[in-house]
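**Student:** Any chance you can model this:
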Amino acid sequence: MELLINCNTATLAPYTPPLDEVRAAHLYRRLGFSASVETINLATGQTAGALVDNLINQALSAPVIPIPAWGDWTADDYPEDDDLAGQLRRAQRDEFATAYGNSLLNNNLRDRLSFFWSNHFVTELEVYDCNSFLYYYVNCLQRNALGNFKTFVSEIGLTSAMLFYLDGAYNNGNNPNENYARELYELFALGEGNGYTEEDIIETAKALSGYTNRGEVDCTQVTFDPERHDAGSKTIFGQTGNWGYDDVIDILFNERPNEIGRFICTKLYEYFVHPDSSDDAGNAQTIITAMASTFVSNNFELAPVLSQLFKSQHFFDETAIGVIIKSPFDLYLGLLKETNFAYDDGTVINSIDAARLIGQELFEPVDVAGWQRNRQWINTNFIIGRWLTMEVFLERFFTADPEQFRVLAMDAVGTANSNTSNPEIVVNALVNKFTPKGLLTDQDFQNAMDAFKIDDVPENYYSPDYIDGGLSLWMLAVSAEVPTQVYVLLRHLTREPEFQLK
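**Tutor:** Residues are numbered from 1 along each chain as shown. Just a heads-up that it's a prediction; the model follows:
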């Protein structure tokens, strides 16, 4: 699969035509983890402005995951027996992973964004190894996902998960640890080498000191100890004073607003629009510049800049559709949403486990820079893993209830064709449902047709002249073979290159 060059020359002017099915599906694949036929049908014909406003309002009002019973536990709350304590911790993590997986499935933009930010403000659970820290970290991601970015930066840096992950909990005034200060500028706010010096990092580390826990990870939330703070004068970005944590955030956003705006808007663009933000063939840099201007002029509120992007001609341009490789979470959660098959918490946790097998482990990005996404998801091992695991999920759904495959096909073709006797109508509808812009060639479509027309039916079964024992030709709503046919077609489609894209 070749790297796609970004040829999008459309502008940020509003996209005003009513959304067709392709663009409605595009919106839900990018702003959530896709959607059912019913949801796409309801969105089709709406304007981008109305639909995006609705999705943003939903995101802003979505409730966070309630605090679990163990959310404030410390090490003292676990059994003294190490084996029992380990079992309990693992059960709690599965419980919380399931809750967050359901949030990803149910909350569209809010948790699409919280998941995005987990790969920006990266922590790794295996490093800090505390379930209560994990809860408050995810809580911070959810609360700030579409809020004010300055507030977000301030709050995430004081979560115990981040303080232990990037050594802030070991940052004493008499012995500063520079790790968090460096990543604050390099990865979280400015970009590598963009607008800061080594001296800025050293001085910032002193200003951030004092949030320590005596170097012990006992699941006690980290608090500020003024005795461990460097109370001397520091110079950060040319500003001198006895700075502390809040001062660092103020100075950063006051002195480097344009650098922050461009860095964050580039990441948002590459995640939501196209992984290539160069200007080799399109106008991505012009778009990012305009987004950054909106971001900064709105005091770093995320909603206005994302609203501008998601309503734009640029976002809905033909060249923006189907150009991002699905992550493992896109793959499995998208299957649940697009098929609308019945699932339970066991399916959710199985999806999370499957994602880990092909390179995306929940709460465990690969390093502080996070998953690099897109082409990282496709290699020889991972593509085979994608095929095989998708077959497992489809087989489980079929074993549980074959008739839901017929229902999917009938929903896809629509009421007017719900009892069609033309298999091409069914295959076309399902291909369009599960790929962003259909299959590449006529031969690819014919291969899908061949998969759908399973081998163990009589010759000429689909001919209008076919009659056997008084039974007329194949019909979608009644023919016994239909669930199997849809199942076989979906297995075929999940191996197609176009299915790997969103």
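**Student:** Sheet partners, orientation included, of the worst-scoring helix or strand of the chain on mean pLDDT?
**Tutor:** One helix or strand of the chain scores below all others by mean pLDDT, DSSP states H and E: strand 211-212, with a mean of 91. In the sheet, strand 211-212 lines up against strand 223-224 (antiparallel) (DSSP bridges).
**Student:** centre of the chain versus the strand it pairs with, how much separation?
**Tutor:** Between the centre of strand 223-224 and the centre of its chain there are 32 Å (C-alpha atoms, centre = their mean, to the nearest Å).
**Student:** contacting residues around that strand?
**Tutor:** With C-beta atoms under 8 Å, 6 or more residues apart in numbering as the test, strand 223-224 has contacts from Gly210, Tyr211, Tyr245. C-betas here are computed from N, CA, C, even on glycine.
**Student:** Of the residues you listed, which is the nearest to Gln46?
**Tutor:** Comparing the contacts of strand 223-224 against Gln46 with C-beta to C-beta places Tyr245 closest, at 44.4 Å.
**Student:** Now do the same for the closest residue to that closest one other than its chain neighbours: its pLDDT.
**Tutor:** Nearest non-adjacent residue to Tyr245, counting by C-beta to C-beta, 6 or more residues apart in numbering: Leu208, 5.7 Å away. Looking at Leu208, its pLDDT reads 98.
**Student:** and Leu208, what is it in contact with?
**Tutor:** Contacts of Leu208 by C-beta under 8 Å, 6+ apart are Gly157, Gly168, Asn171, Tyr180, Ala181, Tyr245, Val248.
**Student:** ok, of the contacts of strand 223-224, which come out buried?
**Tutor:** For these, a burial check counting by 16 or more other C-beta atoms under 10 Å picks out Gly210, Tyr211, Tyr245.
**Student:** So which bits of the lengthiest helix in the chain are buried?
**Tutor:** Counting by DSSP state H, the longest helix found in the chain is helix 82-106. Of the residues in helix 82-106, 88-89, 92, 95-101, 103-105 count as buried by neighbour count, 16+ other C-beta under 10 Å.
**Student:** Now do stretch 106-113: distance to the chain's middle.
**Tutor:** 8 Å.
**Student:** Repeat that for stretch 390-407.
**Tutor:** 25 Å.
**Student:** got the CA coordinates for it in CSV?
**Tutor:** Listed next in CSV are the C-alpha coordinates belonging to stretch 390-407 (Å, rounded to 0.1, in the frame of the first residue of the first chain):
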residue,chain,number,x,y,z
MET,A,390,-11.5,-10.2,11.8
GLU,A,391,-12.4,-13.7,10.6
VAL,A,392,-12.6,-14.8,14.3
PHE,A,393,-15.0,-12.0,15.2
LEU,A,394,-17.2,-12.6,12.1
GLU,A,395,-17.4,-16.3,12.9
ARG,A,396,-18.4,-15.6,16.5
PHE,A,397,-21.1,-13.2,15.3
PHE,A,398,-22.4,-15.8,12.8
THR,A,399,-22.4,-18.6,15.3
ALA,A,400,-24.3,-16.4,17.8
ASP,A,401,-27.0,-15.3,15.4
PRO,A,402,-26.7,-15.9,11.6
GLU,A,403,-29.9,-13.9,10.9
GLN,A,404,-28.2,-10.6,12.0
PHE,A,405,-26.2,-10.9,8.8
ARG,A,406,-29.4,-10.9,6.7
VAL,A,407,-30.6,-7.9,8.7
